[in-house]
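Colleague: the amino acid sequence is not available; the structure is as follows:
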């Protein structure tokens, strides 16, 4: 698919299939808005294809994000209780949706790069910039990377500059303040530290039959990312 939109916001709107009729449906009852979507709308296709996956976006997620404006706009499904800041600085892998679970805070002031099949529990915070200690109006961004098949437990916090390797498990409530790029371990505590190693030979590097980056099919994602995401996330 070729993207010809002039700016990232328009690119997102085009890719999310936000028609004029659907824009106006915010004044209609929700059941009528669902009817306007049609069976082949992107939200319905994703819902059918990803049923039973870790992330199963629904027409309700889509309507909250792009019609009723009750949830953050992003190219992946977001719960209305979660907050996403600057989706352009966030690259999500296949079957990944930071903020899909409730009460998450995903702060993309800096860059966030999340690998495929990362599980993100409720209440997770991923922070990519910290305030200046001398002038709180200023931020210091620092890239966050989460490796494939990792699992961020409930209430875990990933702080700026952290890199987590593949198959990293972050225990519930842990605060990760430094990098563990080697992966294959369980991190727990405040600040988080390794409490158990994971046998890489036993880890299952699975792949889904239907592969989406949020709402966007895998085959279409490189073109979308090139136009809509921060150039610093390209190829990474």
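Modeller: That came in fine, so what should we check first? Because the structure is a prediction, the values reported are computed rather than measured.
Colleague: so what pLDDT did the residue of the chain most remote from its centre get?
Modeller: Checked against the mean C-alpha position of the chain, the extreme residue using C-alpha atoms, centre = their mean is residue 134, at a distance of 31.4 Å. On pLDDT, residue 134 comes in at 97.
Colleague: from residue 8, how far out is it?
Modeller: 33 Å (C-beta to C-beta, to the nearest Å). For the C-beta atoms, the positions are set from N, CA and C on the backbone; glycine is no exception.
Colleague: related to what we said a few turns ago, contacting residues around the residue farthest from the centre of the chain?
Modeller: Contact criterion C-beta atoms under 8 Å, 6 or more residues apart in numbering gives no residues in contact with residue 134.
Colleague: would you say it is within a strand?
Modeller: No: according to DSSP: H, G, I helix; E, B strand; the rest coil, residue 134 belongs to no strand; its state is coil.
Colleague: for burial, what's the neighbour tally of the residue nearest to residue 208 when sequence neighbours are not counted?
Modeller: For residue 208, ignoring the flanking residues on the chain, the nearest one in space by C-beta to C-beta, 6 or more residues apart in numbering is residue 95 at 5.6 Å. Other residues within reach of residue 95, judged by other C-beta atoms under 10 Å, total 23.
Colleague: residue 117 is in contact with residue 95, correct?
Modeller: Yes: counting by C-beta atoms under 8 Å, residue 95 touches residue 117, with 5.2 Å between them.
Colleague: shared neighbours of those two, anything?
Modeller: Going by C-beta under 8 Å, 6+ apart, residues that sit against residue 95 and also against residue 117 are 54, 208.
Colleague: hang on, the earlier thing: now the residue farthest from the centre of the chain: how far from residue 177?
Modeller: Taking C-beta to C-beta as the measure, residue 134 falls 20 Å from residue 177.
Colleague: before we move on, what about residue 43?
Modeller: As judged by C-beta to C-beta, residue 43 and residue 177 stand 37 Å apart.
Colleague: comparing those two, which residue is more hemmed in?
Modeller: Taking residue 43 and residue 177 together and counting by other C-beta under 10 Å, residue 43 has the greater number of neighbours (22 against 15).
Colleague: per-residue pLDDT, the closest residue to the more buried one other than its chain neighbours?
Modeller: In space, residue 43 comes closest to residue 62 once its chain neighbours are excluded; the distance is 3.6 Å by C-beta to C-beta, 6+ apart. With respect to pLDDT, residue 62 has a value of 95.
Colleague: right, I'll leave it there.
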